[in-house]
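> 3D model of this:
(one chain, ligands or ions: 2)
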Amino acid sequence: MKELPTGNGARLIKSGLDPVRVPFDQIPVIDLEPMFSGDADAKAALAESLRHACTQVGFLYIKNHHFPKEALAAAFAEAEQFFAQPDEAKMKNHVSKSSNLRGYAAMLEENTDPTARGDLHESFDIALDVPADDPDVLAGKVLYGPNQWPEDRPSFRKALESYHAEMIKLSHHLLHAFALALGLEETYFDAMVTKPLATLRVLHYPPQFGEIDERQIGIGAHSDYECFTILAQQMGIPALQVLNAAGEWIAADPMEDCFVVNVGDQMARWTNDLFASTVHRAINRSGKERYSIPFFFGPNYDTIVEVLPSCVDEDHPAKYPPISSGDYVNGRFTATFASYAEQQKDAATVV
Ligand SMILES: O=C(O)CCC(=O)C(=O)O
Ligand SMILES: [Fe+2]
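Numbers count the residues shown, from 1 in each chain. Ligands and ions are numbered 1, 2, ... in the order given. Below you'll find the model as predicted:
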């Protein structure tokens with residue numbers, strides 16, 4: 001306990017940086033407009049509410065994000081058409097044909113929650129398009145590399161590339177807000193995101209009817225690996241659920257003209273867990289096909305993610321050793337795939 005002298009006498013304050021996380025029952029909505037047109041006071045107010053959302057919930061909606069509506073609509077329309085194709089067409093760009101995790105993954109191929117039995121979704125991943133002869137690719141930094149594309153779908157490529165480019169812009173604005181929320185200079189992270197690990201994923205979840213086995217849902221319980229995720233959902237098709245401190249699932253339903261943003265594990269490490277990387281899952285019981293588009297944003301491969309000095313004090317030493325951004329994310333992917341391979345092996349033995 002510390003004593004804080006105030007005009008009304010001393011106030012007792014618990015020392016330390018760990019916030020008490022009250023079980024939230026709502027996801028806060030943050031207006032991002034000040035990052036585009038606001039003065040210092042407006043930005044400071046936004047930073048304060050963002051800090052509250054990140055420490056207490058780890059999830060938020062952003063409105064007034066300036067993301068072009070056409071880019072959003074085109075990506076959803078193209079995703080829908082891509083997934084409607086026969087399996088053999090989609091398998092032409094299967095992720096196994098990429099050395100950097102780009103391309104298509106089929107239904108049940110992923111198992112986000114290692115205690116579950118495969119996710120009921122299919123996906124297509126792209127990231128920053130780095131040519132095969134780039135020094136970082138040649139150096140074996142596997143998260144850098146070229147995207148793969150269906151040859152006969154130029155409009156799919158165009159829509160996803162443009163969505164990715166627009167998301168990079170939005171991420172820079174959001175990162176400025178995160179820096180302010182951490183009491184840092186707005187531009188603190190800028191030099192670390194010049195060649196960011198930034199994955200765009202389009203997802204298709206078929207509807208689930210009747211009694212549902214909790215071990216096989218749209219996407220099993222997990223936290224995201226990167227710095228933050230910006231998720232687009234379609235109105236009227238709810239599925240996303242977020243775990244609060246009481247262990248209850250809180251709905252994060254689509255909101256008009258908003259993205260859902262959540263803190264990822266990298267940001268939790270950076271902030272010594274001051275910002276919460278919150279567990280979430282998706283179950284599509286809407287009766288309709290669901291498409292969603294998460295964008296996972298993290299710093300350059302070689303950026304050392306090391307607990308920020310402002311998130312450490314005498315009673316709260318850094319919990320995490322420094323690690324490069326790429327090694328961290330790659331390690332998490334490898335572990336997930338190992339768990340999946342293990343499960344396939346078990347399944348094969350059972351049969
Ligand atoms: O589709 C969603 O609503 C969530 C997707 C998600 O959590 C993920 O891909 O990490
Ligand atoms: Fe996620």
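> So is the helix or strand encompassing Tyr291 next to ligand 1?
Secondary structure from DSSP states H and E places Tyr291 in strand 290-300. Yes: using C-beta under 6 Å from any ligand atom, strand 290-300 reaches ligand 1 at 292, 294. Quick note: C-beta positions are derived from backbone N, CA and C, even for glycine.
> helices or strands next to that strand in the packing?
The contact analysis (3 or more C-beta pairs under 8 Å, 6 or more residues apart in numbering; DSSP states H and E) places strand 290-300 against helix 69-83, helix 154-181, strand 196-205, strand 228-232, helix 325-350.
> could you redo the last one with a cut-off of 6 Å?
Contacts defined by 3 or more C-beta pairs under 6 Å, 6 or more residues apart in numbering; DSSP states H and E place strand 290-300 against helix 69-83, strand 196-205, strand 228-232.
> The longest one versus helix 154-181: what angle between them?
Right, the one you point to is helix 69-83. Calculated by axes from the mean of the first three to the mean of the last three C-alpha atoms, to 10 degrees, helix 69-83 forms an angle of 130 degrees with helix 154-181.
> do helix 69-83 and ligand 1 meet?
No: using C-beta under 6 Å from any ligand atom, helix 69-83 stays clear of ligand 1, coming no nearer than 11.7 Å.
> pLDDT averaged over that helix - what is it?
For helix 69-83, mean pLDDT is 98.
> distance between that helix and the chain's centre?
Chain-centre distance of helix 69-83: 19 Å, with C-alpha atoms, centre = their mean, to the nearest Å.
> Now that helix: buried residues?
Buried residues in helix 69-83, defined by neighbour count with 16 or more other C-beta atoms under 10 Å: 71-72, 74-76, 78-79, 82-83.
> Next: stretch 158-166.
In terms of neighbour count (16+ other C-beta under 10 Å), stretch 158-166 has its buried residues at 159-160, 163-164, 166.
> can I assume Ile304 is in contact with Tyr320?
No: the criterion here is C-beta atoms under 6 Å, and Ile304 misses it with Tyr320 at 11.4 Å.
> Output the buried residues of stretch 158-166 in JSON lines; the columns should cover pLDDT and distance to ligand 1.
Formatted as JSON lines, the buried residues of stretch 158-166 follow (pLDDT from 0 to 100; distance: C-beta to the nearest ligand atom, whole Å):
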{"residue": "Ala159", "pLDDT": "98", "distance to ligand 1": "18"}
{"residue": "Leu160", "pLDDT": "98", "distance to ligand 1": "15"}
{"residue": "Tyr163", "pLDDT": "98", "distance to ligand 1": "15"}
{"residue": "His164", "pLDDT": "98", "distance to ligand 1": "15"}
{"residue": "Glu166", "pLDDT": "98", "distance to ligand 1": "19"}
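> hmm, back to that, in terms of packing, which of Ile304 and Tyr320 has more residues around it?
With neighbours defined as other C-beta atoms under 10 Å, Ile304 and Tyr320 compare such that Tyr320 has more, 15 against 12.
> what separates that one from Tyr104, distance-wise?
From Tyr320 over to Tyr104 the distance is 34 Å, taken as C-beta to C-beta, to the nearest Å.
> and Val279, how many neighbours?
Neighbours around Val279, by other C-beta under 10 Å: 18.
> Quick check, it in contact with Leu243.
Yes: Val279 is within contact range of Leu243, at 4.2 Å (criterion: C-beta under 6 Å).
> and the strand holding Tyr291, which residues are buried?
Of the residues in strand 290-300, 290-300 count as buried by neighbour count, 16+ other C-beta under 10 Å.
> Paired strands for it, with orientation please.
strand 196-205 (antiparallel), strand 228-232 (antiparallel) (DSSP bridges).
> Now do the residue nearest to Val312 when sequence neighbours are not counted, the pLDDT please.
Among residues not flanking Val312 along the chain, Ala318 sits closest, at 5.3 Å (C-beta to C-beta, 6 or more residues apart in numbering). pLDDT recorded at Ala318 is 95.
> Point out the residues in the protein that sit beside ligand 1.
Counting by C-beta under 6 Å from any ligand atom, the residues of the chain close to ligand 1 are 201, 203, 219, 224, 231, 239-240, 280, 282, 292, 294.
> Most widely separated two among those?
Asp224 and Ala239 (16.1 Å; C-beta to C-beta).
> so who does Ala282 touch?
Contacts for Ala282 (C-beta atoms under 6 Å, 6 or more residues apart in numbering) come out as 218-219, 239-240.
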